[in-house]
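Q: All I have is the shape, not the residue letters:
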Ligand SMILES: C[S@@+](CC[C@H](N)C(=O)[O-])C[C@H]1O[C@@H](n2cnc3c(N)ncnc32)[C@H](O)[C@@H]1O
């Protein structure tokens, strides 16, 4: 990721945004409110919100990535592209399905109570800032989209991504994930294998995920697998649909 005109920029986003949009036009034809997890530079949010004005595109990312993401979103002033919200898939409220309306604790601890953890303080700050608007931003979402995030997160965070999505999304909502995946324990190209090595050098917990493993986790999180779409540059677009609550 680099910085152009003060806005964060990724060349791969520039390359893949149109092929992804071509699929989203079809997949999200009936959707009204989409949550994007790990919005990054905001190039996808900007492109998709502009091309799909019938959708409200709610982007999000971890706190440290939010300023860059929101600088692009704010520069556009699109009615269907609100400011991105802070979301770390490891935060407690995501796993409880209460994100972003309910922080873990909303009051300062009194003497004897445990002090708020960094994550809890962060959630409290979001709640204090958004107040009632948090409820507006909370959804309901009828689709969740995330690109190039599962190979950056740790395996534990990948599990949390699906478990939280399963809590947040209602029956029939779509879960759409873009990125590279391995099949039957094998890389699908030499460039993906090299990319995996590069990722692990940067951060040993990163790495290209197994298609079969993410399908198992999605199944546990109550998603029915629907489509595996081949995309340019050895990437895939994976689509699940939320089942009825068990
Ligand atoms: C390679 S970037 C992808 C950004 C963008 N979606 C794209 O396709 O260019 C990976 C993103 O994952 C986000 N991320 C990493 N760990 C995360 C977590 N635990 N929860 C949510 N997002 C996370 C990073 O902040 C970053 O924006």
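A: Everything's here; your move. Keep in mind that what you see is a predicted model, and the values were worked out from it rather than measured.

Q: what's the distance between stretch 87-94 and the middle of its chain?
A: The chain centroid and the centroid of stretch 87-94 are separated by 11 Å under CA atoms, centre = their mean, to the nearest Å.

Q: Show the backbone phi and psi for the residue nearest in space to the middle of the chain.
A: With the centre of the chain defined as its mean C-alpha position, the nearest residue by CA atoms, centre = their mean is residue 37, 1.5 Å away. Residue 37 has phi and psi values of phi -100, psi 140 when expressed as degrees, to the nearest 10.

Q: So the closest residue to it other than its chain neighbours: helix, strand or coil?
A: Closest residue in space to residue 37, ignoring its immediate chain neighbours: residue 146 at 4.2 Å, by CB to CB, 6 or more residues apart in numbering. C-beta: built from backbone N, CA, C; applies to glycine. Using DSSP: H, G, I helix; E, B strand; the rest coil as the criterion, the local structure at residue 146 reads strand.

Q: Then residue 188?
A: Relying on three-state DSSP, one would call residue 188 coil.

Q: so what pLDDT did the residue lying closest to it once chain neighbours are set aside get?
A: The spatially closest residue to residue 188, leaving aside those adjacent along the chain, is residue 234, at 5.3 Å (CB to CB, 6+ apart). Per-residue pLDDT puts residue 234 at 98.

Q: Distance-wise, check residue 234 relative to residue 25.
A: As defined by CB to CB, to the nearest Å, residue 234 lies at a distance of 23 Å from residue 25.

Q: Please identify which of these two sits among more neighbours.
A: residue 234 (16 against 12; other CB atoms under 10 Å).

Q: Next, see if stretch 13-24 gets close to the ligand.
A: Yes: where contact is defined by CB under 6 Å from any ligand atom, part of stretch 13-24 touches the ligand, namely residue 13.

Q: Counting neighbours, which bits of that stretch end up buried?
A: Of all the residues in stretch 13-24, those buried under the rule 16 or more other CB atoms under 10 Å are 13, 16, 17, 19, 20, 21, 23, 24.

Q: and what of stretch 220-240?
A: Neighbour counts using 16+ other CB under 10 Å place 221, 222, 223, 229, 231, 234, 235, 236, 237, 238, 239, 240 of stretch 220-240 among the buried residues.

Q: for stretch 166-176, same thing?
A: Going by 16+ other CB under 10 Å, stretch 166-176 has these buried residues: 166, 167, 168, 169, 173, 174, 175, 176.

Q: now do stretch 81-101
A: Of the residues in stretch 81-101, those scored as buried under the neighbour-count criterion (16+ other CB under 10 Å) are 81-82, 84-95, 98-101.

Q: Can you flag which of the residues you listed belong to strands?
A: 85, 86 (DSSP state E).

Q: how does this protein divide up, domain by domain?
A: Listed domain ranges for the chain are 1-16+27-87, 101-137, 147-191+207-241 (source: automatic domain parsing).

Q: Least confident of those domains, on average?
A: Mean pLDDT across the domains of the chain is lowest at domain 101-137; the value there is a mean of 53.

Q: Among the buried residues of stretch 220-240, which one sits closest to residue 68?
A: Looking at the buried residues of stretch 220-240 and their distance to residue 68, the nearest is residue 235, at 22.9 Å (CB to CB).

Q: so who does the closest one touch?
A: For residue 235, the contacting residues are 16, 178, 179, 180, by CB atoms under 8 Å, 6 or more residues apart in numbering.

Q: so how many other residues sit close to residue 191?
A: Residue 191 - counted by other CB under 10 Å - has 12 other residues nearby.

Q: Return the distance of it relative to the ligand.
A: Per CB to the nearest ligand atom, to the nearest Å, residue 191 is found 16 Å from the ligand.

Q: Specify the local secondary structure of that residue.
A: On the three-state scheme (three-state DSSP), residue 191 is labelled helix.

Q: and what of the one 3 residues further on?
A: For residue 194, the assignment made with three-state DSSP gives helix.
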